[in-house]
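S.K.: sequence and predicted model, in that order:
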Amino acid sequence: MTSVAPGWELYRSFLAVVREGSLSGAARQLGLTQPTVGRHVDALEQTLGTGLFTRSQGGLAPTELALSLVPHAEAMSMAAEALQRAASGEAEEDRGTVRITASEMIGTEVLPPILARFSEKHPRIAIELVLSNRNDDLIRRDADIAIRMIRPTQSSLVARKVGTIALGLHAHKNLIQRFGMPLSIHDLMQCPIIGFDRESSIRRLKDLGGFPLSRELFAFRCDSDVGQFAALKAGVGFGMCQYPLARRYRDLVSVLPGAIEFELDVWIAMHEDLKTSRRMRLMFDHLAKEMAAYTRPPAENSTAKPGRK
């Protein structure tokens, strides 16, 4: 092992090879030539004094040491991307890049029109959207701004609660015509229900819904919220849905309102160091305003939970 610290470009190529499984795939991902990527990997191995890959029928397989380096290389990658975003626009100019992270449902069903309106006002600001149900680390700069359903706890984050999303049981009107409207939990148990596949996911709903659930109860099982919502709209079964989202689809009907419901707080968060960036403030304030409007019950139901008759 040499005393010279490897440069980021070597770890960048190393990480691409791990992800792609071959030099050619890594080269395509990075926009480099295959020999260049090969030289980077060779140089990193020489610097570290050990091999990082073994050849297999499927391509290049990382060694145990290589796998132990991946989290550190990914942290470097995130830092490099954050640095690039920070340098993409002057602090007081409305240009550059903003990276947002949100859950699958919020990112696919709620944010697209919200971000379209932002882009109309600020066309020079590029938007990156990461869809993930895990809480990306804003301290590590996995993203610039996050929309979260739990309150951020890190002291170095700027966070604002913008509203509460109520969720309840819904079904397609055609499904209700087939099975009838359930009038009790017992009635519901006789109908096809959409739910999770893995026990860890089911426990989330047990804790929130307050009624007994098991994997065998579900006629349609999917751990993706987006997949469950697609099945709900297609009339596959009865399932949970955000009330403000269900209002957008006339064929979705509220079932047993008040009996099976829970709420999720909505928070917008970003690292406090980003407050000086105009484009970050613009996006933060825009998301806060738009998400507050999304969570707000209709005027005619302002004194009752959405979906109740």
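M.R.: Arrived safely, thanks for sending.
S.K.: tell me how many other residues surround Met189.
M.R.: Neighbour count for Met189, taken as other C-beta atoms under 10 Å: 12. Placement of C-beta: from N, CA and C, glycine included.
S.K.: next up, the contacts around it.
M.R.: Contacts were defined as C-beta atoms under 8 Å, 6 or more residues apart in numbering; by that measure Met189 touches Leu217.
S.K.: quick check: it vs Gly195, distance?
M.R.: According to C-beta to C-beta, to the nearest Å, Met189 stands 12 Å off from Gly195.
S.K.: what about the helices in this structure?
M.R.: For the chain, helices defined by DSSP state H occupy the ranges 8-20, 23-30, 34-48, 64-87, 104-105, 111-121, 173-179, 185-188, 199-209, 225-234, 243-246, 278-295.
S.K.: so Ala66 sits against Phe14, correct?
M.R.: Yes - Ala66 lies in contact with Phe14 (C-beta atoms under 8 Å); the separation is 7.5 Å.
S.K.: identify the contacts common to these two.
M.R.: Leu52.
S.K.: can you find the helix or strand in the chain with the smallest mean pLDDT?
M.R.: Scoring the helices and strands of the chain by mean pLDDT, DSSP states H and E places helix 199-209 at the bottom, with a mean of 56.
S.K.: measure Met291 to Val130 for me?
M.R.: 17 Å.
S.K.: in terms of neighbours, single out the busier of those two.
M.R.: The residue with more neighbours, out of Met291 and Val130, is Met291; 23 against 13, by other C-beta under 10 Å.
S.K.: close enough to count as contact, the more buried one and Val162?
M.R.: Yes - counting by C-beta under 8 Å, Val162 is a contact partner of Met291 at 4.7 Å.
S.K.: what touches both of the two?
M.R.: 266, 268.
S.K.: quick one: Ile127 from Leu32, how far?
M.R.: 26 Å.
S.K.: which one's more surrounded, these two?
M.R.: With neighbours defined as other C-beta under 10 Å, Ile127 and Leu32 compare such that Leu32 has more, 19 against 15.
S.K.: show me the contacts for the closest residue to the more buried one other than its chain neighbours.
M.R.: Distances taken as C-beta to C-beta, 6 or more residues apart in numbering place Ser13 nearest to Leu32, at 7.4 Å, with adjacent residues excluded. Counting by C-beta under 8 Å, 6+ apart, Ser13 makes contact with 26, 30, 32, 36-37, 40-41, 44.
S.K.: select from those residues the one having the most neighbours.
M.R.: Counting by other C-beta under 10 Å, top hit in those: Ala26 with 27 neighbours.
S.K.: hmm, Pro62 is touching Phe53, no?
M.R.: Yes - the pair Pro62 and Phe53 passes the contact test of C-beta under 8 Å, sitting 5.8 Å apart.
S.K.: between the two, what contacts are shared?
M.R.: With C-beta under 8 Å, 6+ apart as the test, Pro62 and Phe53 both reach Val17.
S.K.: relative to Gly237, how far out is the closest residue in space to Asp197 that isn't next to it in sequence?
M.R.: Spatial nearest neighbour of Asp197, chain neighbours left out: Arg221 (4.0 Å); criterion: C-beta to C-beta, 6+ apart. Separation of Arg221 from Gly237 (C-beta to C-beta) stands at 10 Å.
S.K.: residue nearest the centroid of the chain?
M.R.: Taking C-alpha atoms, centre = their mean, the centroid of the chain lies closest to Ser132, which sits 2.1 Å from it.
S.K.: that one against Thr101, yeah?
M.R.: Yes - if you go by C-beta under 8 Å, Ser132 and Thr101 touch, sitting 6.0 Å apart.
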